[in-house]
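# Quick one, structure for this:
(chains A and B)
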Number of protein chains: 2
Amino acid sequence: MALVVQKYGGTSVGTTDRIAAVAGRLIAARERGDRIVAVVSAMGDVTDELLAKALAISADPPEREMDMLLATGEQVTIALLAMAIHAQGHEAISFTGAQAGIVSDGSHTKARIQEVRADRVMEALDHGLIAIVAGFQALTPEGDITTLGRGGSDTTAVAVAAGLAADVCEIYTDVDGVFTADPRIEPDARMLDTISYEEMLEMAATGARVLQLRSVEFARNHGVVIHVRSSFTDSPGTLVKEADGSMEQAIISGVTHDTSEAKVTIRDVPDRPGVAAEVFGRLAADNVNVDMIIQNVSEEGMTDISFTTPKEDLVRARRAVAEVTEALGARSYSVDESVAKVSLVGAGMKTHPGVAALMFRTLADAGVNLDMISTSSIRISCVIDAAQVKTAVHALHGAFGLAEGRVTAETSPGAPDGGSL
Amino acid sequence: MALVVQKYGGTSVGTTDRIAAVAGRLIAARERGDRIVAVVSAMGDVTDELLAKALAISADPPEREMDMLLATGEQVTIALLAMAIHAQGHEAISFTGAQAGIVSDGSHTKARIQEVRADRVMEALDHGLIAIVAGFQALTPEGDITTLGRGGSDTTAVAVAAGLAADVCEIYTDVDGVFTADPRIEPDARMLDTISYEEMLEMAATGARVLQLRSVEFARNHGVVIHVRSSFTDSPGTLVKEADGSMEQAIISGVTHDTSEAKVTIRDVPDRPGVAAEVFGRLAADNVNVDMIIQNVSEEGMTDISFTTPKEDLVRARRAVAEVTEALGARSYSVDESVAKVSLVGAGMKTHPGVAALMFRTLADAGVNLDMISTSSIRISCVIDAAQVKTAVHALHGAFGLAEGRVTAETSPGAPDGGSL
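Residues are numbered from 1 along each chain as shown, chains lettered A, B, ... in the order given. Purely as a prediction, here's the structure:
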């Protein structure tokens, strides 16, 4: 008898009919003998409707009150889902985040879970009930309602699974699993059977939208096995778990892309100590997120500094950069919004040289120019022209043989030009 | 510096514009120097919309989950109202029933408040904030969300006022105050400046819809002064409080009417001990509420038993009465849905004889036949033909001089035929 957490997103519970269908799935799982916890999001567009009401009242509503407002969305779903299960002749009980013992810090609208006191949920399971938990929401130790940011229901599901020492956390979504590339861009994209936390983190951080980044971090830190599955098909899905000997020794697991960032360049900055600290200290103070940073080699005491930032931070970024450009006596700054980041992710990179070289050659052969490059031990990212995303993803997917199965140590592409990462 | 609780109902907060208007009223009160707590209901039709969703899923949803669902309505309002106050440059903080420390028993959908632990609300007031509390909802000691039944926000407001030892509990509604009769029926109806708890309880119990009965009971038990006011006009409204020497010595405060009940009669019941206990025990077991009861004098060992019951209980009542008629060997039973109850309420009745006689004579002169009569120490109620409600209310309102001001001891109508109540 396994203990299974199943998470259903807003699309899966978008109508009362779909809620009844989810109830049916939960009941089927319960009847197989497992102990079942459901974590659910707000119905379809409910969160957006609540946001619209708030914005009709205030252009800048207090975040504590936004959380008070938005938390009602999931509370409606859990109540309706419990009713649907009862209507189908089974027993269920719903819990708000607070009732489920999900404790967070006080960072309203983007709170972080600190602890899960799952006693009430466990008690419900012990009584044979299907337990239903509101995703996305938590309570501070002071008793204030918080929300975990968009996609936070994934994190709730993983945290509840950790708190209950569940056997698996099934995340039901509108795709079949985790793919070697975005299937909407790459027709040859192949679904992965398994992927390590480490790789999934890099993929989520570089554009794969299937799981919220923080939910994967939480899963890794607490050893929760995530099973990504479709709520509409019977696809076997993808397991996200600790890398172990039973996994293929893959060099590359996938190609990701991200067009949500812009590139900012400050030209001819006087190259003296503390300049970078001044630029990025100012950006941090203005709450501008920075992803990749490149500083050119100094020429004649001057240097160029480039960085990428989410487009949604761009208004604040422009203001900060304009001031810092003047304060430092730099020549000018420019913003390029038509950039994209293409990344190769694979745990095997650590031990197999030549991946970077093949990546750069492949992109060069496809006529794709590289603007910026950054790397981690299991990822290489390149900033390119946004118009060339599809070309780049397709070329890389083909060159690394991702469609046929993972490139393994035995079929390694080697290091064509003898270079190493 | 007074501590004032203001309660606004669903109509008053029905749109985001109206919420902004309520915010303005609260701010104005705060700027006069008072400490302000707002208690609010769900926006307009929100509760009905939530009910419709539940019924789309289940014909008989579990009551615990209904409460989980319905409680979201007020939570939306408190968040939006707090935002509206901030948008107008003042500080506010919202509290769910749970956060406001409103503790109830576990009777889901009709819970009773047991205790108010108002520490958090008081702390907010100490910081100069306007405190906003969700009406209608509470938390059990076990941590389950409950609701207090339709109109429960009035009770929340009074309970919060009691918990904070507030100076006054202002109930804002869509009428100007408490009237000597329903102004929609009686054009000469006059607004009362003050009314005692005792009288208000009788008026609420016999058809006056301005305050929920339980809120008045709670106010009386805890000595909370209620001020009924209009949220749309500047009418001075009506104070509901303990009778004291400063009040007029009124004999009659008002005429009420109620067309929500039906009359059931069981004919030729064998008159032996325990018959009434059997009839009404069975009705109670089937959860049928009974208001007035009349048992005729026995003739030849047979008697008739009549009672009134809310029309909404009539399906259960018919079933129970049919069975009990057969079980007792009574001749037949009948149901009359076209009845109305007209009541005179006045604390002065206790000490002034002749009120009942004048009431019966007035109705007789107006051609109104009496079906049933029942009395309390400060109320006389008659069941009449529903078609004659307006005639009866108008005749009584005139005969007792309610339009001109209360009939006082000095202007007592006396006892025309020497009878007493």
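
# State the helix or strand in which the closest residue to A:Ser196 other than its chain neighbours lies.
Residue nearest to A:Ser196 in three dimensions, not counting chain neighbours: A:Ala243, with 3.8 Å by C-beta to C-beta, 6 or more residues apart in numbering or on different chains. All C-beta spots, glycine's among them, are computed from the backbone N, C-alpha and C. Assessed by DSSP states H and E, A:Ala243 sits outside every helix and strand.

# Then A:Val297?
A:Val297 belongs to no helix or strand when elements are defined using DSSP H and E.

# Low-confidence ranges, the stretch 151-300 of chain A, go.
A:245-250 (pLDDT under 70).

# could you show me where the strands are in it, in order?
Secondary structure of the stretch 151-300 of chain A, counting by DSSP state E, counting those that start in this stretch: strands at A:168-173, A:194-196, A:226-230, A:238-241, A:254-258, A:261-270, A:293-295.

# Please name the strands paired to the second one in the sheet, noting orientation.
The partner list of strand A:194-196 in its sheet, established with DSSP bridges, is strand A:238-241 (parallel).

# So what touches the partner strand?
A:177-178, A:191-197, A:200, A:211, A:216, A:219, A:225-228 (C-beta atoms under 8 Å, 6 or more residues apart in numbering or on different chains).

# From these, list the buried ones, please.
Neighbour-count burial (16 or more other C-beta atoms under 10 Å in any protein chain shown) applied to the contacts of strand A:238-241 gives A:177-178, A:191-192, A:194-197, A:200, A:211, A:216, A:219, A:225-228.

# Chain A against chain B: which residues are in contact?
A:16, A:19-20, A:50, A:53-54, A:56-59, A:61-62, A:64-66, A:68-69, A:71-72, A:75-76, A:78-80, A:82-84, A:86-87, A:93-94, A:96, A:98-99, A:120, A:143-145 (C-beta under 8 Å from any C-beta of the partner chain).

# Now that we have these, which of them are buried?
If you count burial by 16+ other C-beta under 10 Å, the buried members of these come out as A:16, A:19-20, A:50, A:53-54, A:56-58, A:61-62, A:64-66, A:68-69, A:71-72, A:75-76, A:78-80, A:82-84, A:86-87, A:93-94, A:96, A:98-99, A:120, A:144-145.

# Out of these, list just those in helices.
Among those, the members falling in helices (DSSP state H) are A:16, A:19-20, A:50, A:53-54, A:56-57, A:64-66, A:68-69, A:71-72, A:75-76, A:78-80, A:82-84, A:86-87, A:120.

# Look up the closest residue to the residue of the stretch 251-400 of chain A found nearest chain B, ignoring the ones flanking it.
Chain B sits closest to A:Asn287 of the stretch 251-400 of chain A, with a gap of 20.1 Å, by C-beta to the nearest C-beta. Nearest residue to A:Asn287, sequence neighbours excluded (C-beta to C-beta, 6+ apart): A:Arg316, at 6.4 Å.

# same deal with A:Leu370?
A:Cys382 (4.9 Å).

# so what's that neighbour up against?
Going by C-beta under 8 Å, 6+ apart, A:Cys382 touches A:Lys341, A:Val342, A:Ser343, A:Met359, A:Phe360, A:Leu363, A:Leu370, A:Asp371, A:Met372, A:Ile373, A:Ala392.

# hang on, the earlier thing: would you confirm that the residue nearest to A:Ser196 contacts A:Glu198?
Yes: A:Ala243 lies in contact with A:Glu198 (C-beta atoms under 8 Å); the separation is 6.7 Å.

# Mutual contacts of these two, please.
A:Ala347.

# quick one: which of those two has more around it?
Higher neighbour count among A:Ala243 and A:Glu198: A:Glu198, with 21 against 15, using other C-beta atoms under 10 Å in any protein chain shown.

# sorry, back to before: you'd agree the residue nearest to A:Leu370 is in a strand?
Yes: counting by DSSP: H, G, I helix; E, B strand; the rest coil, A:Cys382 is located in a strand.
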